[in-house]
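**Q** here is the input, now give the coordinates:
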Amino acid sequence: MGFPGVWMTESESLVYRVVPKCACSTIGQIMFYSDHGRFFDGDIHDSTDGMHKWAQDHSHDPIERAVRARKGVTFTCVRNPYARILSSFFDKIAGIQRNGRRYRGNLVPQLMQRYGIDVGSPENGFDFDQIASFRRFLLFARDTVRFRKPMEPDIHWSAMSGHISTFIVNGGRYDRIFFTEAFNDGMQKVLDAADNPVEVDLAQVPRFNESEGHGPKRAHKVSDYFDDLSRHLIWEIYKDDFQLFRYDFDDPDNKMPLGEVDLDEVHAKLGR
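**A** You can find the predicted model right below:
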């Protein structure tokens, strides 16, 4: 099976397991810069050279060798599950993608028909009931994760623990797992531990949020979107994420983790 979702610098100094909606665009650009002294011109997800990616056949052998030999600093980044699923909704369901179209073609019309979701449009200024539509989307996300219907779960709302576990199960081991909410602190520790060809000054790195500006802005605080039923569904989908990565299930408005990640516990629980 190899190491799907893994990106690695050509210098093999950094090995990163991508977790969607967890600052992956910014992390990828930092990795690219640490080898080349410049940022990739465009969305880093579109790069086909200058960095190894498991999705590229020619990258398989270098990534496999580096992971097996424990070369470089191996890391990933996580995010509060409440904020992550909201971000997925506003970007992938309510937003317009970089290509000017809706995400996955007919997905949004299908959700409107099956789940009664309304996401407005650029023509009406994305005027819709955000809370009602999000809660209906959450029901759909739960159905995909639990029952794999009406489709397989999408990478943007499937659990972080699922993404992170594939790397462990296939023989990898993480050196660091840090929080999107304390990004500079966590990323700096990764860079400090790595032998990068080019030094990176994190204070000068822009945030590469490729999804920003293509859809509606969130109009309410996080907790307003989650009633009792919504929180029940969130626990059903993301229980492992809350527990392993120490996020606060009881207070949706507290985006910060309650403690550090225990790497031994993550490897033990996700490596089964």
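
**Q** would you map the strands across this structure?
**A** Assigned strands in the chain, in chain order: 6-9, 14-17, 51-53, 73-78, 176-179 (criterion: DSSP state E).

**Q** got the contact list for the third one?
**A** Looking back up the chat, that one is strand 51-53. 6-10, 28, 31-32, 35, 40, 44, 47, 59, 62-63 (C-beta atoms under 8 Å, 6 or more residues apart in numbering). C-beta: built from backbone N, CA, C; applies to glycine.

**Q** what stretches of the stretch 1-150 of the chain score poorly on pLDDT?
**A** Within the stretch 1-150 of the chain, not a single segment meets pLDDT under 70.

**Q** give me that answer again for 90
**A** Under the criterion pLDDT under 90, the flagged ranges of the stretch 1-150 of the chain are 1-2, 96-101, 105-106, 120-127.

**Q** please tell me how far the closest residue to Asp195 other than its chain neighbours sits from Val67.
**A** Nearest residue to Asp195, sequence neighbours excluded (C-beta to C-beta, 6 or more residues apart in numbering): Ser13, at 5.3 Å. Taking C-beta to C-beta, to the nearest Å as the measure, Ser13 and Val67 are separated by 13 Å.

**Q** what's the answer for Lys92, then?
**A** Per C-beta to C-beta, Lys92 is found 29 Å from Val67.

**Q** quick one: contacts for Trp157?
**A** Going by C-beta under 8 Å, 6+ apart, Trp157 touches 84-85, 88, 92, 141, 144-145, 237.

**Q** these in helices, which ones?
**A** Among the contacts of Trp157, the residues falling in helices (DSSP state H) are 84-85, 88, 141, 144-145, 237.

**Q** mind putting the residues you listed into CSV with distance to Gly105 and neighbour count?
**A** Shown next, in CSV, are these (distance: C-beta to C-beta, whole Å; neighbours: other C-beta atoms under 10 Å):
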residue, distance to Gly105, neighbour count
Arg84, 23, 23
Ile85, 22, 24
Ser88, 17, 22
Ala141, 18, 22
Thr144, 16, 17
Val145, 21, 19
Ile237, 24, 20
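
**Q** and the residue nearest to Asp195, how many neighbours?
**A** Residues near Ser13, counting by other C-beta atoms under 10 Å, number 22.

**Q** and for Pro252?
**A** For Pro252, the neighbour count with other C-beta under 10 Å is 22.

**Q** what pLDDT is listed against it?
**A** Here the pLDDT value assigned to Pro252 is 98.

**Q** so which residues of the stretch 151-272 of the chain form helices?
**A** 160-169, 183-193, 228-244, 263-270 (DSSP state H, counting those that start in this stretch).

**Q** quick one: residues in contact with the shortest one.
**A** Helix 263-270 is contacted from outside by 161, 164-165, 168-169, 173-177, 240, 244, using C-beta under 8 Å, 6+ apart.

**Q** hmm, Ile164 and Thr76 touching each other?
**A** Yes. In this structure, Thr76 is within contact of Ile164 by C-beta atoms under 8 Å, at 5.8 Å.

**Q** common neighbours of those two, please.
**A** Joint contacts of Thr76 and Ile164 (C-beta under 8 Å, 6+ apart) are 17, 19, 174, 177.

**Q** wait, isn't the last one in contact with Asp241?
**A** No. Ile177 is beyond contact range of Asp241, at 11.7 Å (criterion: C-beta under 8 Å).

**Q** re earlier: mind putting the contacts of Trp157 in TSV, distance to Phe126 included?
**A** Formatted as TSV, these follow (distance: C-beta to C-beta, whole Å):
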residue	distance to Phe126
Arg84	20
Ile85	19
Ser88	16
Lys92	14
Ala141	20
Thr144	24
Val145	26
Ile237	25
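
**Q** which one of those sits closest to Ala193?
**A** Ala193 has its nearest neighbour among the contacts of Trp157 in Arg84, at 25.7 Å by C-beta to C-beta.

**Q** ends of stretch 218-234, how far apart?
**A** 19 Å (C-alpha to C-alpha, to the nearest Å).

**Q** rewinding a little: comparing the helices of the stretch 151-272 of the chain, which comes out most buried?
**A** Ranked by mean neighbour count under mean count of other C-beta atoms under 10 Å, the helices of the stretch 151-272 of the chain are led by helix 160-169, which reaches a mean of 20.

**Q** other SSEs contacting that one?
**A** Packing partners of helix 160-169 (3 or more C-beta pairs under 8 Å, 6 or more residues apart in numbering; DSSP states H and E): strand 14-17, strand 73-78, helix 228-244, helix 263-270.
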